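1. Quick one: sequence and predicted model below, then my questions.
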Amino acid sequence: MATMNLKTFRAPSMAQCLADVKKDLGKDAVILHTRSYRVGAVMGIGGRQIIEITAADQMSARGPSIKSRPAVGAAAGGFTPGAFPQLGGSGKSATAVAEPPPTRDEPGEGPLITTRPVRVNDLAPRKSPAAPVAPSNPPTRPSLTTKTTFAPEGVQAVASLQSELAAIKRLVGQVLQCSRQTAATVSPSGAAVVAMGGMPEPLFSQYLRLQDAHIAPEITDLIIGAVRDELTQTELVSADIVRQAVLRQLAALIPVTGAMGKAGPSQSGRPLTLALVGPTGVGKTTTIAKLAAAYKLRQGKKVGLITSDTYRIAAVDQLRTYANIIGLPLKVAMTPREMSGACSALADCDVILVDSAGRSQHDKGRLDEQALFIEAAMPDETHLVLSATAAEPVITRASERFAVLKPTRVIFSKLDEAVHFGVIVNTCRKVGARVSYVTTGQEVPDEIELAQPDRLARLVLDGELLK
């Protein structure tokens with residue numbers, strides 16, 4: 001009766017385990033099955049992997065391939081009698097000596113992989129057979145395919161197809177151009193174009209102009225959508241009509257005061273009092289001098305000046321120089337009490353203009369201190385001066401922090417130095433205060449004007465300051 005030399009090999013890796021099999025049982029060894037499990041694991045975590053191979057040196061006879069063992073036998077980790085149907089050439093059944101399954105003290109079993117018997121040498125890579133060489137002149141066979149040309153039937157169908165392709169091409173071009181324009185914005189590139197199904201060329205041109213002005217994407221979409229709803233399809237192909245419609249929508253988004261404060265005693269009997277507040281370097285003192293000249297020289301009113309800007313070097317001297325040129329009285333207030341006294345001393349004036357010290361929007365303590373000066377002056381109008389040259393996040397933060405001073409108006413200064421003017425529309429949308437004045441240069445008493453929505457709308461859309 002033929003028997004097999006059955007052995008089990010264990011190693012940290014499959015390569016090492018196969019080498020041990022070949023070294024011990026020879027190159028004709030037959031692999032019966034393999035499995036892997038972990039040693040030293042705690043609740044399935046950690047440990048090291050062990051590869052186990054069960055192999056025999058040779059088969060007693062060249063009988064049929066060994067069949068896969070039943071699941072129960074596989075789970076037990078050993079061989080069952082009769083797993084090898086004919087292990088002898090004589091036809092008699094032989095008993096395979098199976099290795100007992102691991103006991104409780106052995107490492108826990110991992111997944112068991114049962115395989116057909118494979119020789120060790122069969123695991124070595126073999127060269128793939130060479131592909132057959134095709135004959136140099138293969139026999140030709142008749143083709144069963146039929147070539148045909150698909151084309152629209154009729155001139156009208158061709159024109160409709162060409163129109164659709166042109167519309168798709170135009171839409172893709174607009175989306176790509178919007179993607180380049182709005183790559184750094186928050187809104188998805190070309191979202192408005194896709195949502196509207198494309199735009200006529202005049203409307204799309206204005207859409208790009210609004211983006212070039214750095215108007216917020218949501219405001220741009222709002223304007224373009226309103227214009228598209230307002231105009232007919234015939235009007236949308238006219239560049240002039242579309243431009244005027246966009247200007248109207250822009251002007252509606254820029255609220256203004258429309259007039260200078262009326263000089264003279266108010267209902268309380270006090271003079272018209274205007275206070276200018278804002279961050280450092282926005283041009284408050286120069287704007288105060290321009291307003292004083294406008295009231296004094298153009299309206300013939302009696303004007304008084306008060307300054308609390310004692311922090312900046314030569315700030316008082318600068319305003320005193322303007323006051324001497326125009327011929328105005330000037331008071332300096334070091335404390336909130338002195339501010340109240342200065343207002344009382346100028347009670348016979350028609351207009352009192354209060355110049356405050358510039359403050360950083362991040363300095364809460366200084367802003368609270370300045371609020372005491374403004375409360376002591378009891379102004380009829382408090383104008384927040386913002387520079388059009390500043391970045392929009394800076395302007396937004398300044399308007400939020402200076403809200404403690406309760407500004408009722410906004411003055412945009414340095415329009416002559418700005419690169420784009422969309423910040424005016426964006427700020428008006430966020431702050432909600434009306435624009436009173438804009439300054440377009442440093443010359444006193446000129447280069448200051450009342451804010452006009454139509455002029456500001458053209459300024460924003462064209463991106464050019466025309467004096």
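-> All right, it came through fine.

2. Show me the shaky parts of this structure.
-> Low-confidence segments of the chain, defined by pLDDT under 70, are located at 1-4, 43-44, 58-153, 167, 169-198, 312-314, 467.

3. Let me see the ranges of the strands in the stretch 201-350 of the chain.
-> Here the stretch 201-350 of the chain has its strands, by DSSP state E, counting those that start in this stretch, at 272-277, 303-307, 330-332.

4. Using CSV, please lay out those strands together with distance to Ile288 and mean neighbour count.
-> Placement of C-beta: from N, CA and C, glycine included. Converted to CSV, the strands of the stretch 201-350 of the chain look like this (distance: least, CB to CB, whole Å; neighbours: other CB atoms under 10 Å):
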stretch, distance to Ile288, mean neighbour count
strand 272-277, 6, 24
strand 303-307, 7, 26
strand 330-332, 11, 18
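
5. and of these, who's closest to Ala259?
-> Across the strands of the stretch 201-350 of the chain, Ala259 has its closest neighbour in strand 272-277 (12.4 Å, CB to CB).

6. Determine the set of other helices and strands touching the closest one.
-> Counting contacts by 3 or more CB pairs under 8 Å, 6 or more residues apart in numbering; DSSP states H and E, strand 272-277 is packed against helix 284-293, strand 351-355, helix 364-377, strand 381-387.

7. can we see that at 10 Å?
-> Helices and strands touching strand 272-277, as assessed by 3 or more CB pairs under 10 Å, 6 or more residues apart in numbering; DSSP states H and E, comprise helix 284-293, strand 303-307, strand 351-355, helix 364-377, strand 381-387, strand 409-413.

8. In CSV, list the strands of the stretch 201-350 of the chain along with distance to Gly358.
-> Converted to CSV, those look like this (distance: least, CB to CB, whole Å):
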stretch, distance to Gly358
strand 272-277, 9
strand 303-307, 12
strand 330-332, 16
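
9. just to revisit the earlier point, put together JSON lines for the helices and strands packed on strand 272-277, with distance to Leu465 on each row.
-> Shown next, in JSON lines, are the helices and strands packed on strand 272-277 (distance: least, CB to CB, whole Å):
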{"stretch": "helix 284-293", "distance to Leu465": "17"}
{"stretch": "strand 303-307", "distance to Leu465": "28"}
{"stretch": "strand 351-355", "distance to Leu465": "26"}
{"stretch": "helix 364-377", "distance to Leu465": "31"}
{"stretch": "strand 381-387", "distance to Leu465": "14"}
{"stretch": "strand 409-413", "distance to Leu465": "12"}
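
10. Which one of the ones you listed lies nearest to Leu210?
-> Nearest of the helices and strands packed on strand 272-277 (CB to CB): strand 409-413, 18.4 Å.

11. Please name the strands paired to that closest one in the sheet, noting orientation.
-> Applying DSSP bridges, strand 409-413 is found paired with strand 381-387 (parallel), strand 434-439 (parallel).

12. Name the residues of the helix or strand following the first one that are buried.
-> Reading on from strand 381-387 to the C-terminus, the next helix or strand found by DSSP states H and E is helix 392-401. Along helix 392-401, these residues count as buried under the neighbour rule (16 or more other CB atoms under 10 Å): 395-396, 398-399, 401.
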